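Kindly return the folded structure for what I paste below:
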Amino acid sequence: MKVLVINGSPHLSGCTNRALEEVENRLQCLGVETERVNIGNKDVRGCIGCNFCKTHARCVFNDVVNEVAPKLAEADGMVVGTPVYYAGANGQVLSFLDRLFYSTVGVIDKTMKVGAAVVSSRRAGSTSAFDEINKYFTICSMPVVSSTYWNEVHGFTAADVERDLEGLQTMRNLATNIAFMLKAIDLAKKADGGAPAQESGSWTHFMTIEP
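Model (predicted):
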């Protein structure tokens, strides 16, 4: 089993990284492989709604988004870490997720790939950033993994996070729950012959279409 870990912070040794390290270390101890991709230090632009991906199965901007797509396809789960800027997730993270999730619709079946958000903040805004990330998972039939508190750490530096004992504990419990859910889903897939089938074809848009 494998979990893709995305670090959306431009500070590769900062608070978000420290939180993700705690998750990664516990996952590895539980026999779950992890792969880290740092995107916060890369140039990631937003989606322009050109729909190039619908005919080419990849984003028109050939950058880290297209590099990560096959990694997501192979992974059983995904953890996205972000710092909090103005009570929300890093704009780079949101641009990355917009394009990754949109460009892989119909290309990567995300059903029952588990998802978890990890956020770091100095003081406030963490829960709104947490909500932003989780919405990407819930639109794709990806079970969201919880912990014993919201998945967040607090501090201005990585050294501060070391003193956030509850935050680090939350990260370890999150990883334990991720590993448990991955194993439970794997057993269910084996028993049922795969992931649950999803209905499609109904679109509610309230537009009047002339015959």
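
Let me see the residues that make contact with stretch 183-191.
With contacts defined as CB atoms under 8 Å, 6 or more residues apart in numbering, stretch 183-191 is touched by 1, 76, 112, 114, 143, 195. Every residue, glycine included, has its C-beta placed from N, CA and C.

Now, of those, which are buried?
1, 76, 112, 114, 143 (16 or more other CB atoms under 10 Å).

Of the residues you listed, which is the nearest to residue 92?
When these are compared for distance to residue 92 (CB to CB), residue 114 comes out closest, at 23.2 Å.

which residues does that closest one contact?
Shown here is residue 114, whose contacts under the criterion CB under 8 Å, 6+ apart are 3, 76, 77, 78, 142, 143, 144, 145, 178, 181, 182, 185.

what about it, distance to residue 57?
Using CB to CB, to the nearest Å, residue 114 is found at 24 Å from residue 57.

ok, which stretches of the chain are strands?
Taking DSSP state E, the strands of the chain run over residues 2-7, 33-38, 77-85, 88-89, 114-121, 152-154.

can I get those in JSON lines with distance to residue 71?
Formatted as JSON lines, the strands of the chain follow (distance: least, CB to CB, whole Å):
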{"stretch": "strand 2-7", "distance to residue 71": "5"}
{"stretch": "strand 33-38", "distance to residue 71": "6"}
{"stretch": "strand 77-85", "distance to residue 71": "9"}
{"stretch": "strand 88-89", "distance to residue 71": "20"}
{"stretch": "strand 114-121", "distance to residue 71": "14"}
{"stretch": "strand 152-154", "distance to residue 71": "25"}
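
May I see those strands organised as CSV, with mean pLDDT and distance to residue 204 added?
Listed next are these as CSV, based on pLDDT from 0 to 100; distance: least, CB to CB, whole Å:
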stretch, mean pLDDT, distance to residue 204
strand 2-7, 98, 31
strand 33-38, 98, 35
strand 77-85, 97, 28
strand 88-89, 96, 28
strand 114-121, 98, 24
strand 152-154, 97, 34
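
which one of these lies closest to residue 98?
strand 88-89 (11.2 Å).

Paired strands for that closest one, with orientation please.
According to DSSP bridges, strand 88-89 forms sheet pairs with strand 77-85 (antiparallel).

relative to strand 2-7, how tilted is the partner strand?
Here strand 77-85 runs at 10 degrees with respect to strand 2-7, directions being taken by axes from the mean of the first three to the mean of the last three CA atoms, to 10 degrees.

Buried residues of strand 77-85, list them for me.
When burial is assessed from 16+ other CB under 10 Å, strand 77-85 yields the following buried residues: 77, 78, 79, 80, 81, 82, 83, 84.

Tell me what the residue nearest the centre of the chain is bridged to.
With distances taken as CA atoms, centre = their mean, residue 80 lies nearest the centre of the chain, 3.6 Å away. In this entry, residue 80 is beta-bridged to residue 6, residue 117, by DSSP bridges.

Sounds good, over and out.
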